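Participant: Give the three-dimensional model of this entry:
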Amino acid sequence: MKIELKGRKKTGLVPVKSSKFGVVDEDEQDEESRRHAQAAALNEISSAAGKEEVSSSLAGKRFAADDQADDGDGDEEEELGKLRQSTKFKSFSADYKRNQRRKPQEPEDDDGEDAGLGPSSPPKNLGKEHEGATFVPLQDVAGNEEDDPEDSHDEDEPVEVNRTGQAVEEESIPVPVSHEARLSGKFKATVSSIAMDTAGNRFCTGSVDYSVKFWDFGSMNANLTSFTSMEPFGSFPIRSIEFSPTGGKILFAGGSNSARMYDRDGREILVCPHGDMYLHDMSNTKGHIAPLSCAVWQPIDAKTFATSAADGTIRIWDALTESKKHKKIIKLKSKRGKKVNPTAIAYSPDGGTILAGCDDGGLRLYDPRSFLPKTVEDIEDAHGSNVITSSISYSSDGMSVLTRTLDDCLRLWDVRRFDSPLSTFDSLPNHNEQTKAVFSGDCKYFATGTSSTSTKKKEGEPGKLVIFDRSTLRAVKTITLGKDSGGVVGLYWHPAINQIVYGTTVGHVHVLYDPLLSSKGILRCISKVVKRKEQAFVDIGVGAIHTPNALPMFRDEHANHGRPINRKRQQEKMREDPILTKKPVMAGGPDAKAIAGSTMASFVAKSKAKEEKGWLKEDPREALLKLDEKAKQFGYFTGGDNPRVLATKTLEEEQAEEAERLKKRMPAHRRKKEDA
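Facilitator: Numbers count the residues shown, from 1 in each chain. Coordinates of the predicted model:
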């Protein structure tokens, strides 16, 4: 609202004093000057203090020339009092006074007509009646302001202004980056994915080293440690993590061909089935047959989620029952009928469409609600030929889409005109297929991370976190990482707590926040003092207490300070005891008495031992020489000179004897026949 009063224009500075309304002119000024001064002051107050509603009828009555205007009506004074007590009005007055002290202007030149434009020092020789006055710059109420060459800006250059109309610096942009905290527990590899629940109390971080860590802001203290970790896919890297819309379930996608679902505490709920890799038609398989690339929840329906894989399909699943097969399948093909693989997918905020970024550089929009999901938009070469899309993100209002690609670009799309990007931001290095790009909660800003260009042989630029303004399409904040911090890959900007969580290629997880702009989240942890663990020793002041178990073999050894000594100290003390360190004599040693034992072998050895003869102490060589003569004669040991006789008769002799013996046993008449 702007109050316009007819009459001659007046520029310059008019001294006014503070009152319960805000500004009141002096009695020495004429009536017309008073009306113009009050109108201009009220215009600036109402516009800078959040455009408070001030009716023109109220202004006309307030600035009437008759004496009744000073008295004022009861209702009018009540409305003016509300304006005076408003927080935005007080903030405007404080900002205006601070800007006057910070940027003093040159003294007013009485000869020039425009010498009084802008805030300047008070005029001299005003008298005691003008002490403590606030000087409000008057503007051209007719709207014909003259240009000031010193304050002019380039029309193409966006200028961020505050409530007083002054250009603000980068630090005053309302993004939560004033403070940073690094979480404990470094991953062994790149932090590829980060997800948080709807309330902002619990979040998960996944890495290429196969592990996932669970964090809880409510239970963490200043140590900032996770409460559990696991490896959901064994030896497969983590590629995607997302909480359900209700925050009770977590969906994981890794290098395997099946997605997994867990609850908030890390207990497994569902494992999607594998497909049959020998079937040609993908609609006949019950699951994916290639590694997954992404998994997302349906924003409206908390029992539905979608997965994409390198088999050229997007499959939609039911999360309530452990189904043996997907509900629907979307086969991705180019306009020429060639199969393409989705590398990143995202649901629209209303859940009506699925946007997929493919490995051929195209973007394809599908409607999963129809019986046979059909293509709504097909933009081939949206990012260039064979350019992989690493991330797709919708704004919460559903009007814009961010796509991050491996050609070092970030593109902003308008869903109402999907044929070409609204803006393309290049020179943003990206060497990772999981680099994310996200919107802020109010959709006024969006952010992405860059990769480090340094190598072992050449030093390049470090990784960065770049924040852009959606209205001006310019980078408003750049956070440069350390030399050894790598690049930014995983990224999440939570809308409720207004905090940014990002992961680096060296395995660190950082949280950016602002105590004035953020709420809860990491602010609940950094203020908690780490509790010191006290030892369970209580001195009741009764002296020594002797118990039945006070024997040395049951008593724990303690150091001088009263705490139990560690295991290394105990082992060192045991080595000093000759009894504890004495090596036991093994059975079968040279001592005959030590041979006795409980085994059968030791019993036999003991019974055969003859201590009176001392055969154990006899030289074995001498014992063998004593048997040399017997050995030569009988050949007990070496065979001697008598060879062993195997047979005394030949075979023919044995056969002849056998035939003679059989002949004698024959009857006489047969024997005669054989002889004849």
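Participant: For residue 656, see how far away residue 409 is.
Facilitator: Applying C-beta to C-beta, to the nearest Å, the value for residue 409 to residue 656 is 113 Å. Every C-beta, even on glycine, is put in place using the N, C-alpha and C of the backbone.
Participant: With neighbour numbers in mind, choose between the two.
Facilitator: residue 409 (18 against 12; other C-beta atoms under 10 Å).
Participant: contacting residues for the more buried one?
Facilitator: Residue 409 sits next to 383, 424-426, 428 when contact means C-beta atoms under 8 Å, 6 or more residues apart in numbering.
Participant: Please determine how far it is located from residue 266.
Facilitator: Per C-beta to C-beta, residue 409 is found 37 Å from residue 266.
Participant: Over to residue 357?
Facilitator: Applying C-beta to C-beta to residue 357 and residue 266 gives a distance of 30 Å.
Participant: Neighbour count: the two, which is higher?
Facilitator: Between residue 357 and residue 266, residue 357 has the larger neighbour count (other C-beta under 10 Å), namely 28 against 16.
Participant: Okay, buried residues for stretch 333-349 please.
Facilitator: For stretch 333-349, the neighbour count (16 or more other C-beta atoms under 10 Å) marks 340-348 as buried.
Participant: For the chain, just list every one of the helices.
Facilitator: Under the criterion DSSP state H, the chain contains helices at 31-48, 56-62, 68-71, 74-85, 87-102, 523-526, 567-575, 600-608, 620-626, 628-634, 651-664, 668-675.
Participant: Could you identify which of these has the lowest mean pLDDT?
Facilitator: Mean pLDDT is lowest for helix 56-62 among the helices of the chain, at a mean of 40.
Participant: Let me see the backbone angles for residue 210.
Facilitator: Per-residue torsions, residue 210: phi 80, psi 0 (degrees, to the nearest 10).
Participant: Show me the strands in the stretch 201-350 of the chain, by range?
Facilitator: Using DSSP state E, counting those that start in this stretch, the strands assigned to the stretch 201-350 of the chain run over residues 202-207, 212-216, 228-230, 238-243, 249-254, 260-263, 268-271, 292-297, 304-309, 313-318, 328-331, 342-347.
Participant: I'd assumed residue 522 was in contact with residue 513.
Facilitator: Yes. Residue 513 lies in contact with residue 522 (C-beta atoms under 8 Å); the separation is 5.3 Å.
Participant: Can you work out which residues contact both of the two?
Facilitator: Counting by C-beta under 8 Å, 6+ apart, the residues touching both residue 513 and residue 522 are 181, 499.
Participant: So what's the residue count around residue 317?
Facilitator: 24.
Participant: Could you pull up the mean pLDDT of stretch 481-496?
Facilitator: Stretch 481-496 comes out at a mean pLDDT of 92.
Participant: With only the CA atoms kept, save that stretch in PDB.
Facilitator: Coordinates of each C-alpha in stretch 481-496 appear next as PDB, following Å, rounded to 0.1, in the frame of the first residue of the first chain:
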ATOM      1  CA  LEU A 481      36.500 -28.600   1.600                       C
ATOM      2  CA  GLY A 482      40.000 -29.200   3.000                       C
ATOM      3  CA  LYS A 483      42.900 -30.400   0.900                       C
ATOM      4  CA  ASP A 484      42.600 -34.000   2.100                       C
ATOM      5  CA  SER A 485      38.800 -34.100   2.400                       C
ATOM      6  CA  GLY A 486      38.100 -35.300  -1.200                       C
ATOM      7  CA  GLY A 487      34.800 -34.400  -2.800                       C
ATOM      8  CA  VAL A 488      31.100 -34.300  -1.800                       C
ATOM      9  CA  VAL A 489      29.000 -37.200  -2.900                       C
ATOM     10  CA  GLY A 490      26.200 -38.000  -0.500                       C
ATOM     11  CA  LEU A 491      23.900 -35.000   0.300                       C
ATOM     12  CA  TYR A 492      20.700 -34.400   2.200                       C
ATOM     13  CA  TRP A 493      18.900 -31.100   3.100                       C
ATOM     14  CA  HIS A 494      16.200 -31.800   5.700                       C
ATOM     15  CA  PRO A 495      13.200 -29.500   5.300                       C
ATOM     16  CA  ALA A 496      12.000 -29.700   9.000                       C
END
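Participant: Going by neighbour count, which residues in that stretch are buried?
Facilitator: Going by neighbour count (16+ other C-beta under 10 Å), the buried part of stretch 481-496 is 481, 485-495.
Participant: In TSV, list the residues you listed along with distance to residue 302.
Facilitator: Output for those, formatted as TSV (distance: C-beta to C-beta, whole Å):
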residue	distance to residue 302
481	36
485	37
486	36
487	34
488	30
489	28
490	24
491	24
492	20
493	22
494	19
495	18
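Participant: out of the strands of the stretch 201-350 of the chain, which comes closest to residue 673?
Facilitator: strand 268-271 (97.9 Å; C-beta to C-beta).
Participant: elements contacting the closest one?
Facilitator: With contacts defined as 3 or more C-beta pairs under 8 Å, 6 or more residues apart in numbering; DSSP states H and E, strand 268-271 has these neighbours: strand 260-263.
Participant: Which of the contacts of residue 409 ranks first by neighbour count?
Facilitator: Top of those by neighbour count (other C-beta under 10 Å): residue 383, with 24 neighbours.
Participant: Mind putting the strands of the stretch 201-350 of the chain into TSV with mean pLDDT?
Facilitator: Below are those laid out as TSV (pLDDT from 0 to 100):
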stretch	mean pLDDT
strand 202-207	96
strand 212-216	95
strand 228-230	93
strand 238-243	96
strand 249-254	95
strand 260-263	94
strand 268-271	92
strand 292-297	95
strand 304-309	95
strand 313-318	93
strand 328-331	92
strand 342-347	96
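Participant: Let's have these in JSON lines, adding distance to residue 286.
Facilitator: Listed next are those as JSON lines, based on distance: least, C-beta to C-beta, whole Å:
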{"stretch": "strand 202-207", "distance to residue 286": "26"}
{"stretch": "strand 212-216", "distance to residue 286": "26"}
{"stretch": "strand 228-230", "distance to residue 286": "26"}
{"stretch": "strand 238-243", "distance to residue 286": "21"}
{"stretch": "strand 249-254", "distance to residue 286": "17"}
{"stretch": "strand 260-263", "distance to residue 286": "16"}
{"stretch": "strand 268-271", "distance to residue 286": "12"}
{"stretch": "strand 292-297", "distance to residue 286": "15"}
{"stretch": "strand 304-309", "distance to residue 286": "13"}
{"stretch": "strand 313-318", "distance to residue 286": "9"}
{"stretch": "strand 328-331", "distance to residue 286": "10"}
{"stretch": "strand 342-347", "distance to residue 286": "19"}
